[in-house]
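Asks: Any chance you can model this:
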Amino acid sequence: MTQRSGSADLPLHGGRVPKWLGDRMTRLGAVLCEAIIHHYGRDELLRRLAHPFWFQSFGAVMGMDWHSSGITTSVIGALKRGLTPLSGELGIHVCGGRGAHSRKTPHELERIGERVGIDGGALATASRLVAKVDSAAVQDGFDLYLHGFIVTDDSRWVVVQQGMNGDSKLARRYHWLSEGLGSFVDEPHAAIEGKRQGEIVNLTDRRAERSRGAQLDLLRQLGPDRIVREFAEIEPSKAPPAAQPMLPNLIMPAHHDVRESDIVMRRLHGNISAAIESGPADFPELLLVPGVGARTVRALAMVAEVVHGAPCRFSDPARFSLAHGGKDRHPFPVPLKVYDETIAVMKSAVRKAKLGNEEELGALQRLDGQARRLERYVTGPSLKEIVAGELDQSHELGGRSVFGWEPPPADASVSPTGPATGRRQRGG
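Replies: Got it, this is the predicted structure:
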């Protein structure tokens, strides 16, 4: 039986992902999924997507706002754009989305069923039931506005959907996984992300089985009008609610800046040290990719962790924003040159692996392992110093945010059509 796996706060953010970032998220998201499927299979990718900590880290490493509700919308959108052209090869399909797109999900699933030979009608029913459970059976004050349904050619699926509470300016993300799912109404969630905000109505809790049965009996015996009258006469119960089981609770703070309290610094120092000390010496195949330097290898150390890391590695999603920054300039502007090099390395590695040459993908896996070994004893600069160094070279790395291109220092030359020109510097 699938159980809830955790919860988190997600500050509710508006706005849109700019095209220059959305296009890159599409390419990076797709190639990361390809790498995971190549190493671990489609079922493991679904398990990752059903894990709320990993999902948040996945969005952060792609340059999205590291703590916000926008990660859900942007990641689902990027995967739909990036994986749809690969669906025939990978056997995985992304349906739904935000608003009107969510309501098209059952039809999309039926069409996929016809095309690949699976029961699209049953999948469409599952989609409707999942949405109904999280909007009616779990009444927690969050109104659903996004529904993403990801299904494989063998009918295994994961659902990621999100609701908002406009009064509290918070969002809650719900994760479902078909693996082990025995019931849609008896503790079906793989995870629910959101802050505990008092008592809620959760009719999917196993302890509510008698309540579900009694409600059906009342509806048959009394009818809806009589039930409403009876309920109005009942005093609210003073009895304390039953204790909820302790679950991992990821709380995304409201502050935009990334702070040391948001990061496990020893892990960050391990990522950086692996790139600086081990990258040039141990991964020559990786460094032969044109343009790749130490700064890109550092980003690749975090990307490799997204591909290979165990669930416990994603308790600090903010750390993954240090790979490619953030669109809102937190912790620093997105270094487009580094981002593009990361995509190029990953595409090269996956393409060669498909042809039987595992060297580059293997190098990334070793880079992740080296980072974990080094973090046991290495030390390094503070987060403030790391971010200051990024900001100092941001203009040379094609730094860009929703506020525009990052300007160079006053004495540097400026291109009239884009970021600063001049000799590129490689920073660690």
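Asks: just checking, residue 161 touches residue 171?
Replies: No - counting by Cβ atoms under 8 Å, residue 171 is not a contact partner of residue 161; they are 10.8 Å apart. Placement of C-beta: from N, CA and C, glycine included.
Asks: tell me the centre residue of this protein?
Replies: Centroid-nearest residue in the chain: residue 55, 2.6 Å away (criterion: Cα atoms, centre = their mean).
Asks: Please name every helix or strand in contact with the host helix or strand of that one.
Replies: Assigned by DSSP states H and E, residue 55 falls within helix 52-61. The elements that helix 52-61 packs onto, with contact taken as 3 or more Cβ pairs under 8 Å, 6 or more residues apart in numbering; DSSP states H and E, are strand 7-11, helix 19-40, helix 42-49, helix 70-83, strand 170-177, strand 249-251, helix 294-308, helix 321-324.
Asks: out of those, which comes closest to residue 117?
Replies: Ranking the helices and strands packed on helix 52-61 by proximity to residue 117 (Cβ to Cβ) places helix 42-49 first, at 16.4 Å.
Asks: and that closest one with helix 70-83, angle?
Replies: 160 degrees (axes from the mean of the first three to the mean of the last three Cα atoms, to 10 degrees).
Asks: Give me the residue ranges of this structure where confidence is low.
Replies: Along the chain, the model assigns pLDDT under 70 to residues 1-9, 136-140, 181-250, 278-291, 410-428.
Asks: what about the strands in it?
Replies: Ranges of strands within the chain are 7-11, 92-98, 138-139, 143-152, 157-165, 170-177, 189-193, 201-202, 249-251, 334-335, 399-401, 404-405, based on DSSP state E.
Asks: Give me whichever of those is most buried.
Replies: strand 334-335 (a mean of 28; mean count of other Cβ atoms under 10 Å).
Asks: just checking, what packs against it?
Replies: Secondary elements touching strand 334-335 (3+ Cβ pairs under 8 Å, 6+ apart): strand 399-401.
Asks: Any chance of the helices and strands packed on helix 52-61 in CSV with distance to residue 368 as columns?
Replies: Below are those laid out as CSV (distance: least, Cβ to Cβ, whole Å):
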stretch, distance to residue 368
strand 7-11, 24
helix 19-40, 11
helix 42-49, 15
helix 70-83, 21
strand 170-177, 24
strand 249-251, 22
helix 294-308, 4
helix 321-324, 13
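Asks: re earlier: then the helix holding residue 55 to PDB, C-alphas only?
Replies: Provided in PDB are the C-alpha atoms of helix 52-61 (Å, rounded to 0.1, in the frame of the first residue of the first chain):
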ATOM      1  CA  PRO A  52       8.600  15.700  -3.100                       C
ATOM      2  CA  PHE A  53      12.200  16.500  -2.000                       C
ATOM      3  CA  TRP A  54      13.700  15.200  -5.200                       C
ATOM      4  CA  PHE A  55      11.100  17.000  -7.300                       C
ATOM      5  CA  GLN A  56      12.000  20.300  -5.700                       C
ATOM      6  CA  SER A  57      15.700  19.700  -6.200                       C
ATOM      7  CA  PHE A  58      15.100  18.800  -9.800                       C
ATOM      8  CA  GLY A  59      13.400  22.100 -10.400                       C
ATOM      9  CA  ALA A  60      16.100  24.000  -8.500                       C
ATOM     10  CA  VAL A  61      19.000  22.600 -10.600                       C
END
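Asks: distance between it and the chain's centre?
Replies: 3 Å (Cα atoms, centre = their mean, to the nearest Å).
Asks: same question, stretch 25-38
Replies: From the chain centre to the centre of stretch 25-38 is a distance of 13 Å (Cα atoms, centre = their mean).
Asks: Rebuild the strands of the chain as JSON lines, extending it with distance to residue 388.
Replies: Listed next are the strands of the chain as JSON lines, based on distance: least, Cβ to Cβ, whole Å:
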{"stretch": "strand 7-11", "distance to residue 388": "25"}
{"stretch": "strand 92-98", "distance to residue 388": "36"}
{"stretch": "strand 138-139", "distance to residue 388": "44"}
{"stretch": "strand 143-152", "distance to residue 388": "36"}
{"stretch": "strand 157-165", "distance to residue 388": "34"}
{"stretch": "strand 170-177", "distance to residue 388": "32"}
{"stretch": "strand 189-193", "distance to residue 388": "32"}
{"stretch": "strand 201-202", "distance to residue 388": "46"}
{"stretch": "strand 249-251", "distance to residue 388": "27"}
{"stretch": "strand 334-335", "distance to residue 388": "15"}
{"stretch": "strand 399-401", "distance to residue 388": "14"}
{"stretch": "strand 404-405", "distance to residue 388": "19"}
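Asks: out of those strands, nearest to residue 119?
Replies: When the strands of the chain are ranked by distance to residue 119, counting by Cβ to Cβ, first place goes to strand 143-152 at 10.7 Å.
Asks: helices or strands up against that closest one?
Replies: In this structure, strand 143-152 makes packing contacts with helix 42-49, helix 70-83, strand 92-98, helix 100-103, helix 105-116, helix 120-132, strand 157-165, judged by 3+ Cβ pairs under 8 Å, 6+ apart.
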